[in-house]
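*Asks:* this one's sequence-less:
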């Protein structure tokens, strides 16, 4: 499983987190996670526009609400459900398709062709909208 995280930087955010309750931190984590989910879905829609794309990955992008993990809280963006892969008749999980799009798949042993180049739409969305996500998290934390 690929895990992506944000580390809050800046003294103001750190001080606000220290002064916040666990309920407030969960709320802020969910707010930032929802922005991340929306931006990942948008990036998926804009990156995958060829004729074979039906928007299944984008429409099945969900937020798993924040929960305690280690010494902090984590909210996850997931890709729920399955899809029929058309011509080959196989059913694939949307999470598997998103993973292959993000990281690629190796070519099969020769002489078979194949493989899938990485198309990192998740990382692009997180890099592009990192400031907006962090601003949302910070704004969701109450003033102390």
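*Replies:* Ah, there it is. The model shown is predicted, which means the values in this text are computed figures rather than measured ones.
*Asks:* For the spatially most central residue of the chain, which non-adjacent residue is closest in space?
*Replies:* Centroid check for the chain by CA atoms, centre = their mean gives residue 77 as the closest residue, at 4.3 Å. Leaving aside its sequence neighbours, residue 77 sits nearest to residue 37 (CB to CB, 6 or more residues apart in numbering; 4.8 Å). C-beta coordinates here come from the backbone N, C-alpha and C atoms, glycine included.
*Asks:* That neighbour and residue 59 touch, don't they?
*Replies:* No - contact between residue 37 and residue 59 fails when scored by CB atoms under 8 Å: they sit 11.8 Å apart.
*Asks:* Pull out the buried positions in the biggest helix by length in the chain.
*Replies:* Looking across the chain with DSSP state H, the single longest helix is helix 22-47. Going by neighbour count (16 or more other CB atoms under 10 Å), the buried part of helix 22-47 is 25-45, 47.
*Asks:* And the next helix or strand past it?
*Replies:* For helix 22-47, the following helix or strand on the C-terminal side (DSSP states H and E) is helix 56-59.
*Asks:* what's the helix or strand following that following helix in contact with?
*Replies:* Proceeding N to C from helix 56-59, the next assigned helix or strand is strand 61-69, under DSSP H and E. Contacts with strand 61-69, where a contact means CB atoms under 8 Å, 6 or more residues apart in numbering, come from 22, 25-26, 29-30, 33-34, 36-37, 40-41, 44, 73-80.
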